[in-house]
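S.K.: no sequence for this one, just the structure:
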């Protein structure tokens, strides 16, 4: 495969991206997208990275298929030993069984492939999440058989494991039956093999004698219709077995055994299988990774929609506060009473314009001699503004909770946060009152600084001094809430007179334009402080998004790795690339050169013992070595699982794994 370092590093980078939670929000078919990401991450861990790391590692052939297809019986019959447990109960085996030669045992026990599954060796049966490693003398070096769970198992974890194991295979030995070969579930897997150019052979088992050839012909037609024409196809007839877990007679599996043995013996054929499956899996990334990137972008779009809901809800909250500043409601109640104490007059509306000087004199006396009303007015203003902030925040939180609850992604996010958290989100945060108090006091200090700065020149300083800095500051605070909208009856007159009086006195001190400038500055500063408070309160919602949303660069990074894989594939020899395969179909795995003939024949072209025969580690394939795959010393039918004893049809075998 040439220099794989760059490709390996790209795949490892892709794996790092897939290690994050990419689809936390309930947007679109997030469950399917999470499943696709898990499957791709698993294939990187279980197959692509290990295979590229050691390109000449033993070939892994996974025996997969539907329930009752006879996978375990086939494996046992091929290796001539009861390494897997067939039976009518499902699931039969708790863990998949990998059968290898003693020469390759260390490679598979070292977790080079399927590293997420713990290994069980010896006589242990294995538990879920483990893989049994069994050695058999009949299995030649360079090849291992893995008995996988059913692809349509009644146990969800078994179905997922079957998919994982098939994704980790160099070769699929796909089993089906004469009764179920047209089922949709197997064909969904076969179409996946086609799309990824996976090396594939099919074993059609449990074929009634009268249907031999007929079912094969129809299955061949279906394979061609699904872009899998030319796929290697074996038939295993339905036979009467002496007992439930008996192995098939040698003649029934001989063609499969011969084919696998020749494949193991020929390094060039093994390399071709690896190149085909590996190239197909790598080429599939050009479709699978961009699809994941697009799904990540949908997550970002959904998160942006939830954030816009937060912005809108708290923007309304800020508008509510703005209205409360301008409609005069702050000048009623306690603030109005304290203002009257501060001014010390009840006939404020009579002859206001002609008596500004007189009011000023009385104000000076009050400010200089009686500080208590001044403090009470300041506290009343402070409490009124804090209450308005809390009410605005409560309304914004309630609106946003309703908006998120009506959105599937927001609702799922709230449900994940829990009932206790969600219920608290419907009102302002517990820390907002203290923050509001600090903000209002900070604003009051800012207003005093404005008055101090504006009264810096000599004449203005004298006027400010005559009223007192705090008194002038309170007048400016009152002027900020100058409008009377929202008040009714006599309150309008009283509040209106209050605001007009404060403004007239300020104008006498600073001038008309200065008062307008000071009022705008004071109002803008208060609004900015409240906007910060509301933004902090909204962070309780957006913080839920921040905790789960994928990084902004995730989708571009996924696309970059897909492009990098494509570039590295161009650097590989043409034989390794998808372009060398028939467009739109899996490349059928035909019998490799030197396939041995039937046992008992020799010297004929292409048979064991013929010139040009494949070798296993330099040892020529002989008739005896071929028969080892069947666990049969070469005796007559019936000596190892032949039709003797209590009859039982292999059609009743219903292994789950």
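M.R.: Sure, I can see it. Here the structure is a predicted model, which is why all the values come from computation and not from measurement.
S.K.: going forward, measure contacts and count neighbours with C-alpha atoms only.
M.R.: Noted.
S.K.: C-terminal to whichever strand or helix holds residue 543, what's the next element?
M.R.: In this assignment (DSSP states H and E), residue 543 forms part of helix 512-548. Later in the chain than helix 512-548, the nearest helix or strand by DSSP H and E is helix 554-571.
S.K.: For that following helix, buried residues please.
M.R.: For helix 554-571, a neighbour-count test (16 or more other CA atoms under 10 Å) marks 554-555, 557-566, 568-569 as buried.
S.K.: How about residues contacting that helix?
M.R.: 6-7, 10-11, 13-14, 17, 282-283, 285-286, 289-290, 292-294, 296-297, 576-577 (CA atoms under 8 Å, 6 or more residues apart in numbering).
S.K.: how about 6 Å then?
M.R.: Residues from elsewhere that reach helix 554-571 (CA atoms under 6 Å, 6 or more residues apart in numbering): 7, 286, 290, 293, 296.
S.K.: Now pLDDT too, for the residues you listed, in a markdown table please.
M.R.: Output for the contacts of helix 554-571, formatted as a markdown table (pLDDT from 0 to 100):
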| residue | pLDDT |
| --- | --- |
| 7 | 92 |
| 286 | 92 |
| 290 | 97 |
| 293 | 97 |
| 296 | 96 |
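S.K.: Now render these as a markdown table, adding distance to residue 430 and neighbour count.
M.R.: As requested, the contacts of helix 554-571 are arranged in a markdown table below (distance: CA to CA, whole Å; neighbours: other CA atoms under 10 Å):
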| residue | distance to residue 430 | neighbour count |
| --- | --- | --- |
| 7 | 53 | 22 |
| 286 | 50 | 17 |
| 290 | 44 | 19 |
| 293 | 39 | 19 |
| 296 | 34 | 28 |
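S.K.: circling back: give me the buried positions along the helix holding residue 543.
M.R.: 515-516, 518-519, 521-523, 525-527, 529-531, 533-535, 537-538, 540-542, 545, 548.
S.K.: Same check on stretch 213-225?
M.R.: Residues of stretch 213-225 classed as buried by neighbour count (16+ other CA under 10 Å): 215-216, 219-220, 222-223.
S.K.: picking up where we left off before, now for the buried residues of helix 554-571, which pair is the farthest apart?
M.R.: The span of those, defined through CA to CA, is set by 554 and 569 at 22.7 Å.
S.K.: Measure how buried residue 426 is and give me the count.
M.R.: 18 (other CA atoms under 10 Å).
S.K.: how close does residue 533 sit to residue 393?
M.R.: Counting by CA to CA, to the nearest Å, the separation of residue 533 from residue 393 is 9 Å.
S.K.: no, scratch that, I was asking about residue 399
M.R.: 10 Å.
S.K.: Kindly report the same for residue 55.
M.R.: Going from residue 55 to residue 393 by CA to CA gives 62 Å.
S.K.: out of the two, which sits in the busier spot?
M.R.: Under the criterion of other CA under 10 Å, the comparison of residue 55 against residue 393 puts residue 393 first, with 30 against 18.
S.K.: can you count the residues close to the spatially closest residue to the more buried one that is not a sequence neighbour?
M.R.: Distance criterion CA to CA, 6 or more residues apart in numbering; nearest residue to residue 393, sequence neighbours excluded, is residue 428 at 5.4 Å. Neighbour count for residue 428, taken as other CA under 10 Å: 23.
S.K.: Surely residue 428 forms part of a helix?
M.R.: No. Residue 428: not assigned to a helix; according to DSSP: H, G, I helix; E, B strand; the rest coil it is coil.
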